[in-house]
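1. 3D model of this:
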Amino acid sequence: MDFLTELQGRVDAVTSTTVPDAAAVRALPDDAVIALMRAGAELVRFGQGIQAVAAGVAASRSRPADGHGGLAQSRGHRNAVEMVQELSGGSKADAARQVRIGQALLEGVADASPDDAAGPVETWHECLDRALREGACTAAQMDAILRGLGAPPEGAVDVWRLACEQLLLEVPHRTVEDLRLAAQSVRDELDPEGAEERFLARFDRRSFRMWTDVDGVQRASFAFDDDGAALLRSVIAAAMRPRRGGPRFVDSAERERAKALVEDPRSNEQLAYDVILGVLRAGAVADAEKVFGTRQPGVRVVVVEGAPVGHTEDGGHPLPAPAVEQQICDTGVREVTVDSCGNPLDVGREQRLFTPKQRIALAVRDGGCTWPGCGMPASYCEAHHIDEWSAHKGRTDVGRGVLLCRFHHMNLHHRGHRITRDALGPFVLRPPGGPPVELRSRSPLRWMWDPPPRAA
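-> Reported below is the predicted structural model:
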């Protein structure tokens with residue numbers, strides 16, 4: 001029996017069982033619902049691996065040079081992406097990703113001569129290829145790492161292979177967006193000269209376009225450079241943080257403003273539009289406190305001494321050295337001292353709340369909410385004392401604090417969770433009645449404490 005016949009038999013065995021009726025699933029206990037979701041996710045991962053390999057082969061047989069005799073063209077499609085999209089029923093972006101991954105999986109095979117007894121050549125991303133085939137990562141996760149790292153520069157294949165292996169360890173703990181950003185950050189750390197080149201290339205692609213659609217609605221499209229995107233994100237976040245679950249406010253006037261914003265009948269998209277138009281109208285004479293409240297917008301850049309690139313505090317987007325120098329000219333420097341493990345600035349028990357510098361230090365170390373699976377950026381987080389101020393005589397030290405978004409901070413206190421830490425070891429979340437979970441930093445700057453070797 002060949003592998004295709006065996007595979008079809010397994011597919012038939014799965015598809016012969018219909019999708020569970022919603023009413024039946026609704027009657028299941030919580031653990032069974034989670035188990036059902038896990039089973040579905042495993043099937044999706046398995047299917048994605050099959051799709052990617054087949055899509056890569058289909059693309060290799062559907063080259064423009066093949067003309068109408070290509071595999072996709074002979075079936076009425078312009079290219080392999082169109083064919084994959086029709087067969088999968090997914091979006092064009094999903095089909096393009098399947099083709100990209102399939103082509104990556106074929107790289108080692110394509111490089112090997114048919115007469116080569118040694119077999120396929122091992123690529124720098126072989127660990128990712130294997131993880132996809134074994135169901136240890138999804139197509140989206142693999143694509144995020146591959147696109148974030150990009151092709152290695154000359155002489156850096158071994159370094160890229162090591163970076164790939166380290167990023168693969170992050171797969172269970174990061175969102176796809178975080179994986180891509182982490183991979184991009186590692187790439188810029190390893191190849192700082194290329195980082196500036198890529199930064200300038202994105203700057204050159206900046207554009208703004210307006211048009212009128214068929215209904216007479218005026219529309220616009222932006223292609224941002226890195227600085228512009230970070231600034232606009234900061235403007236919108238500063239104005240809408242209470243609506244999106246940002247930190248709670250101590251000041252009574254700011255608390256009332258936050259309450260009014262939460263109750264505002266406009267959608268988030270409408271609010272964002274009105275904020276942008278308000279800034280444009282106000283221009284250079286705007287009273288920032290009236291527009292944004294006490295949390296004014298701005299892009300803060302974090303630079304670790306000796307590192308070849310900097311990062312935005314919120315989101316951790318890497319910036320090359322010239323862009324950092326430009327930012328310093330505009331906004332100056334605030335120094336934050338850290339130890340060799342990235343733990344900065346202790347102020348003991350004399351102060352109840354974390355200082356502004358400590359909040360910066362926590363953002364550098366944690367990169368946002370550290371709760372497993374949460375993607376909230378640092379500016380939306382609150383600093384949690386793992387040793388409670390009253391009950392445990394806790395200290396306001398960064399080493400005994402951790403960033404949590406408002407929702408997970410409240411969830412922790414109301415549902416009996418604890419976060420503990422032994423000395424300088426990892427922070428550990430201890431749910432009531434459940435197994436402990438190690439909390440992991442989402443900051444791209446974490447590579448500063450244990451970085452992969454740089455390319456020569």
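
2. quick one, phi psi at residue 430?
-> When read as degrees, to the nearest 10, the backbone of residue 430 gives phi -120, psi 90.

3. so what's it up against?
-> 417-420, 436 (CB atoms under 8 Å, 6 or more residues apart in numbering). Glycine gets a C-beta too; all of them are placed from N, C-alpha and C.

4. now it: how far from residue 226?
-> Note on residue 430: its distance to residue 226, by CB to CB, to the nearest Å, is 39 Å.

5. can I assume residue 432 is in contact with residue 411?
-> No. Applying CB atoms under 8 Å as the test, residue 432 and residue 411 come out as separate, 11.8 Å apart.

6. roughly how far apart are the most centrally placed residue in the chain and residue 368?
-> For the chain, residue 178 is the residue whose C-alpha lies nearest the centre (CA atoms, centre = their mean; 1.8 Å). Residue 178 sits at a distance of 9 Å from residue 368 (criterion: CB to CB).

7. Quick check: nearest residue in space to residue 323, chain neighbours excluded?
-> residue 199 (6.0 Å; CB to CB, 6 or more residues apart in numbering).

8. ok, that neighbour - contacts?
-> Applying CB under 8 Å, 6+ apart, the residues contacting residue 199 are 226, 319-320, 323.

9. what's the answer for residue 14, then?
-> With contact set as CB under 8 Å, 6+ apart, residue 14 has these partners: residue 43.

10. secondary structure element for it?
-> Per DSSP states H and E, residue 14 falls inside helix 3-15.

11. in the stretch 201-350 of the chain, which spans are helices?
-> For the stretch 201-350 of the chain, the helices defined by DSSP state H, counting those that start in this stretch cover 226-240, 252-263, 268-282, 288-292, 321-331.

12. In CSV: those helices, plus mean neighbour count, distance to residue 27 and mean pLDDT.
-> Formatted as CSV, those follow (neighbours: other CB atoms under 10 Å; distance: least, CB to CB, whole Å; pLDDT from 0 to 100):
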stretch, mean neighbour count, distance to residue 27, mean pLDDT
helix 226-240, 19, 39, 83
helix 252-263, 13, 35, 77
helix 268-282, 13, 35, 82
helix 288-292, 15, 49, 47
helix 321-331, 14, 56, 63
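
13. closest to residue 363 out of the ones you listed?
-> Across the helices of the stretch 201-350 of the chain, residue 363 has its closest neighbour in helix 226-240 (13.3 Å, CB to CB).

14. Distance from the closest one to the middle of the chain?
-> Computed by CA atoms, centre = their mean, to the nearest Å, the separation of helix 226-240 from the middle of its chain amounts to 17 Å.

15. Quick check: which ranges of the stretch 51-200 of the chain have low pLDDT?
-> In the predicted model, the stretch 51-200 of the chain carries pLDDT under 70 at residues 110-120.

16. Which elements pack onto whichever strand or helix holds residue 169?
-> Element membership of residue 169 [criterion: DSSP H and E] is helix 157-170. Here helix 157-170 touches helix 126-133, helix 139-149, helix 176-190, going by 3 or more CB pairs under 8 Å, 6 or more residues apart in numbering; DSSP states H and E.

17. Redo the ones you listed as JSON lines? Include distance to residue 385.
-> Below are those laid out as JSON lines (distance: least, CB to CB, whole Å):
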{"stretch": "helix 126-133", "distance to residue 385": "38"}
{"stretch": "helix 139-149", "distance to residue 385": "34"}
{"stretch": "helix 176-190", "distance to residue 385": "25"}
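
18. Tell me which of those helices lies nearest to residue 78.
-> Closest among the helices and strands packed on helix 157-170, once you apply CB to CB, is helix 139-149, at 22.1 Å.

19. Please list the outside residues in contact with that closest one.
-> So helix 139-149 is contacted by 48-49, 51-52, 97-98, 100-101, 104, 125, 128, 131-132, 160, 163-164, 167-168, 171, 176-177, 179-184, 186-187 (CB under 8 Å, 6+ apart).

20. For residue 157, the count of nearby residues, please.
-> By other CB atoms under 10 Å, 14 other residues sit near residue 157.

21. from the contacts of residue 199, which two are the most distant?
-> The largest separation in the contacts of residue 199, counting by CB to CB, is between 226 and 320 at 9.2 Å.

22. any idea which helix or strand carries the residue nearest to residue 323?
-> helix 192-204.

23. in that helix, what counts as buried?
-> 192, 194-196, 198-199 (16 or more other CB atoms under 10 Å).

24. Closest to residue 84 out of these?
-> residue 198 (28.5 Å).

25. picking that back up, what angle separates the helix holding residue 169 from helix 139-149?
-> Relative orientation of helix 157-170 versus helix 139-149 (axes from the mean of the first three to the mean of the last three CA atoms, to 10 degrees): 140 degrees.
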